[in-house]
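[1] everything below, folded, please.
(2 chains, ligands or ions: 2)
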Amino acid sequence: MYRYDEFDHAFVRERVAEFKDQVERRLSGALTEEEFRPLRLRNGLYLQLHAYMLRIAIPYGVLSPRQLRQLAMIGRRFDRGYGHFTTRQNLQFNWVKLVDIPDVLAALAEVGMHCIQTSGNCVRNTTSDPFAAAANDELEDPRPWCEMLRQWSMLHPEFNWLPRKFKIAVSGAAEDRAATAFHDIGLRIVRGPDGENGFRVLVGGGMGRTPYVGQEIRPFLKKEHLLSYVESILRVYNLLGRRDNIYKARIKILVNQLGIDTFREAVEADWEATHKSAVDLPEDEQRRILSYFAPPDLPPQPARDEKVGARRETDPAFANWYKHNVLAHRVPGYSSVVISLKEPGRTPGDASSDAMDLVADLAERFSQDELRVSYTQNLILPHVAIADIPALYDALAGADLATGNNELLGDMICCPGLDYCNLANARSIPIAKEIAKRFEDPARQEVIGQLRLNMSGCINACGHHHSGNIGILGVDKKGTELYQITLGGNPKDDASVGSIIGPGFRAEAVPDVIDTIVNTYLENRDEGESFLDTWRRVGAPPFKEALYGAR
Amino acid sequence: MPSVITANRLTDGIVVYLASDGEWTEQIAEARLADTDEEIKALEAEAEKAVQERLVISVYPMPIALNDGAVDPLSVRERIRAAHRTTLTKDWYDVPL
Ligand code: HEM
Ligand code: SF4
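    Ligands and ions are numbered 1, 2, ... in the order given. Below you'll find the model as predicted:
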């Protein structure tokens, strides 16, 4: 795993000292709120509904046990004992005090973490596949490339005041587990014509009020040109992107206005003019960064473990959890384990400080000191020996962290909504809770199979409702919270934006509505079809009929 | 419609209301009511002073209703703010929040 070098450490410490001074000047009156606001946002500090909120970057979703323990400590000492893992592989604390922020940032810096570029019109945290270097369908580890992007984009003088925020995601596996098509730039590692790996580059994807699936700007980019090509995309966007209208300022609007071909020409022209000279990393520097990500030494083990097999036979809860949350690893005898933060009744993505401490311990005991955060708001132990799974399960179950619903209906993505967020139109957390209650029976979820249900409390779409197989969007209709349903979104390969199915529903009706949609799917599905397959085959009519037919 | 003035406290961001005694309180029940436009303006001026004195930020007047003498913040958003918590309770939509 990448460790900050002396330069990074010195830089982050300087930044902590600088912001400490800015906080002091705000408290003493030397800075007004108007002057202070952009400074605090540059350091990830928002003012929300109830209090200040601090957003901490977890670069490409990789955390060490030491870092997670420090987050637990911060939650306990400076917040209310919990934090919220977000779809951008960040952690948000919801109740921090301005006066404590300098101490919190200093505590983060101790473990090489910070909040820089978690807000503002700059390149945000680069997100990635949480199963990097573990998944058995992986072509190449995406993390070193994320790290190069991180270093390149950090305080990049040219790109610190873009027209709008900018989000990049990288995936190196056959299956896209990073929703690359819904990012400003999506990078997929693919095998090229000469058998070497490179990037398929997507551009102009995004959520928000104008959702778009990213379009291919380049089918294959040689790896060594990653930085120069991305830089050319950003340069063209920086020059041509709109700054007059915040709703039209994202790169997706520019790409769609120009058309992908014209946009590509502009990028290629800039790239031709600059790339030989500019920012591509020299080979030895590339090698240096790659070496940080050397996978752990995992001696292959027998793929079957008798004790695990026996437990699956006799313990249905274990068997169910194992089936969904224990995923294939590329080394025989190992697996990656998803720790669901979606126990029914809890806020999706929230983790208590106690849970964080426990997971940090378990990562040390069972997963080579490694742990990850997924954009679907769960935690992951990437390298667990299969023989250790029962002990791990027992430890998780004792802390209510062994919900076996990974990628099932209960594994909802959910933004904070009106319970925390200043921009929200409606609540999302209590809706998620009611849906979880309705579908609590694991046997029912089992019958339904893989289903991505995503929910946002406003059109900003932080909860990825556009890419949910079922999406729920909270709106405000004359003071009443209403929920608009979209169907057919897909964050993976062959990505799609969901379609609005009809008029919205009141909060109380939402669990019934989801029930009706699910039942319609079950009635219509052919053998082996997922929700998405059925939707794509039968389209909206049966769902409309079931939801509105009686009206 | 009666109104109260709400804000967030500078030091910790917590939701507060301008109270009868001129202090800022976390309890909406203690908020000072303004009935006319002039009264609202006067309270806003007082709140503006508190902004200058760095007590609060993000000040705005907010309409309320009085139900049997109790202050009702009217919108879901303001009910959640006034409660200083989230609405994750068992029977959430039956709860008057
Ligand atoms: C609570 C404070 C938050 C604020 C003020 C906020 C603000 C916003 C805004 C304004 C947008 C729309 C950007 C655009 O369309 O140009 C947005 C998008 C987004 N946010 Fe948030 N957000 C917040 C929390 C979160 C949380 C908790 C998550 C994760 C659960 C998140 C993840 C995202 C994602 C994934 C998008 C859509 C991707 C895109 O940029 O197109 N945000 N956010
Ligand atoms: S989608 Fe809206 S309500 Fe939800 S976190 Fe984003 S801005 Fe807030």
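
[2] tell me the SS of residue A:117?
    coil (DSSP: H, G, I helix; E, B strand; the rest coil).

[3] any figure for the gap between it and residue A:186?
    Here the criterion is Cβ to Cβ, to the nearest Å. By it, residue A:117 lies 19 Å from residue A:186. Heads up, the C-betas are built off the backbone N, CA and C, glycines and all.

[4] what helix or strand is residue 17 located in?
    Using chain A. helix A:6-28 (DSSP states H and E).

[5] actually, chain B is the one I wanted.
    Using DSSP H and E, residue B:17 falls in strand B:15-18.

[6] that strand - contacts with which helices or strands?
    strand B:3-9, strand B:24-25, helix B:37-52 (3 or more Cβ pairs under 8 Å, 6 or more residues apart in numbering or on different chains; DSSP states H and E).

[7] what average pLDDT does the second one get?
    Yep, that's strand B:24-25 we're talking about. Strand B:24-25 shows a mean pLDDT of 98.

[8] and it, does that touch chain A?
    No. Judged by Cβ under 8 Å from any Cβ of the partner chain, strand B:24-25 stays clear of chain A, getting no closer than 14.6 Å.

[9] likewise for the longest one?
    Yes. Counting by Cβ under 8 Å from any Cβ, chain A has neighbours in helix B:37-52: residue B:51.

[10] got the CA positions of that helix in PDB?
    C-alpha atoms of helix B:37-52 as PDB (Å, rounded to 0.1, in the frame of the first residue of the first chain):
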ATOM      1  CA  ASP B  37     -42.900  42.600   9.500                       C
ATOM      2  CA  GLU B  38     -41.500  45.300  11.700                       C
ATOM      3  CA  GLU B  39     -41.000  42.900  14.500                       C
ATOM      4  CA  ILE B  40     -39.300  40.400  12.200                       C
ATOM      5  CA  LYS B  41     -37.000  43.200  10.900                       C
ATOM      6  CA  ALA B  42     -36.100  44.200  14.400                       C
ATOM      7  CA  LEU B  43     -35.200  40.600  15.300                       C
ATOM      8  CA  GLU B  44     -33.200  40.300  12.100                       C
ATOM      9  CA  ALA B  45     -31.200  43.400  13.000                       C
ATOM     10  CA  GLU B  46     -30.500  41.900  16.400                       C
ATOM     11  CA  ALA B  47     -29.400  38.700  14.700                       C
ATOM     12  CA  GLU B  48     -27.200  40.600  12.300                       C
ATOM     13  CA  LYS B  49     -25.400  42.100  15.300                       C
ATOM     14  CA  ALA B  50     -24.800  38.500  16.600                       C
ATOM     15  CA  VAL B  51     -23.300  37.700  13.200                       C
ATOM     16  CA  GLN B  52     -21.000  40.600  13.600                       C
END
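
[11] helix or strand next in line after it, which one?
    Next element after helix B:37-52 (DSSP H and E): strand B:56-63.

[12] list the contacts of the helix or strand hosting residue A:95.
    Using DSSP H and E, residue A:95 falls within strand A:90-96. Residues external to strand A:90-96 that are found in contact with it (Cβ atoms under 8 Å, 6 or more residues apart in numbering or on different chains): A:45, A:48, A:50-58, A:71, A:74-75, A:78-80, A:83-86, A:104, A:118, A:125, A:373, A:416, A:420, B:13.

[13] please redo it, this time with the cut-off set to 6 Å
    Contacts to strand A:90-96, defined as Cβ atoms under 6 Å, 6 or more residues apart in numbering or on different chains, come from residues A:51-57, A:78-80, A:83-86, A:118, A:420.

[14] buried ones from these, can you make that a ChimeraX selection?
    Typed into ChimeraX, the line below selects the buried ones among the contacts of strand A:90-96, using 16 or more other Cβ atoms under 10 Å in any protein chain shown:
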select /A:51,52,53,54,55,56,57,78,79,83,84,85,86,118,420
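
[15] near ligand 1 too, which of the contacts of strand A:90-96?
    A:53, A:86 (Cβ under 6 Å from any ligand atom).

[16] let me know the closest of the contacts of strand A:90-96 to residue A:389.
    Nearest to residue A:389, judged by Cβ to Cβ, of the contacts of strand A:90-96 is residue A:85 at 22.9 Å.

[17] helix, strand, or coil at residue A:455?
    strand.

[18] from the contacts of strand A:90-96, which land in strands?
    A:52-57, A:83-85 (DSSP state E).

[19] from residue A:363, how far off is the residue lying closest to residue A:97 once chain neighbours are set aside?
    Nearest residue to residue A:97 in three dimensions, chain neighbours excluded: residue B:12, at 3.8 Å (Cβ to Cβ, 6 or more residues apart in numbering or on different chains). Taken as Cβ to Cβ, the spacing of residue B:12 relative to residue A:363 amounts to 33 Å.

[20] these two - which one has more neighbours?
    Each of residue B:12 and residue A:363 has its neighbours counted (other Cβ atoms under 10 Å in any protein chain shown); residue A:363 has more, 27 against 15.

[21] how about that one, secondary structure?
    Assignment for residue A:363 (three-state DSSP): helix.

[22] count of residues packed around the closest residue to it other than its chain neighbours?
    Excluding the flanking residues, the one nearest residue A:363 by Cβ to Cβ, 6+ apart is residue A:371, at 4.2 Å. Look at residue A:371: counted by other Cβ under 10 Å, it has 27 neighbours.

[23] what sits against residue A:371?
    Contacts for residue A:371 (Cβ under 6 Å, 6+ apart) come out as A:63, A:363, A:381.

[24] does the second one touch residue A:65 like I think?
    Yes. Residue A:363 sits in contact with residue A:65 when judged by Cβ atoms under 6 Å, with a separation of 4.7 Å.

[25] pick out whichever of the contacts of residue A:371 sits closest to residue A:155.
    Distance to residue A:155 across the contacts of residue A:371 (Cβ to Cβ) is lowest for residue A:63, with 22.7 Å.

[26] list the contacts for that closest one?
    residue A:371.

[27] quick check: bridge partners of it?
    Beta-bridge pairing for residue A:63 (DSSP bridges): residue A:371.

[28] circling back to that earlier point, among the helices and strands packed on strand B:15-18, which is nearest ligand 2?
    strand B:3-9 (16.7 Å; Cβ to the nearest ligand atom).
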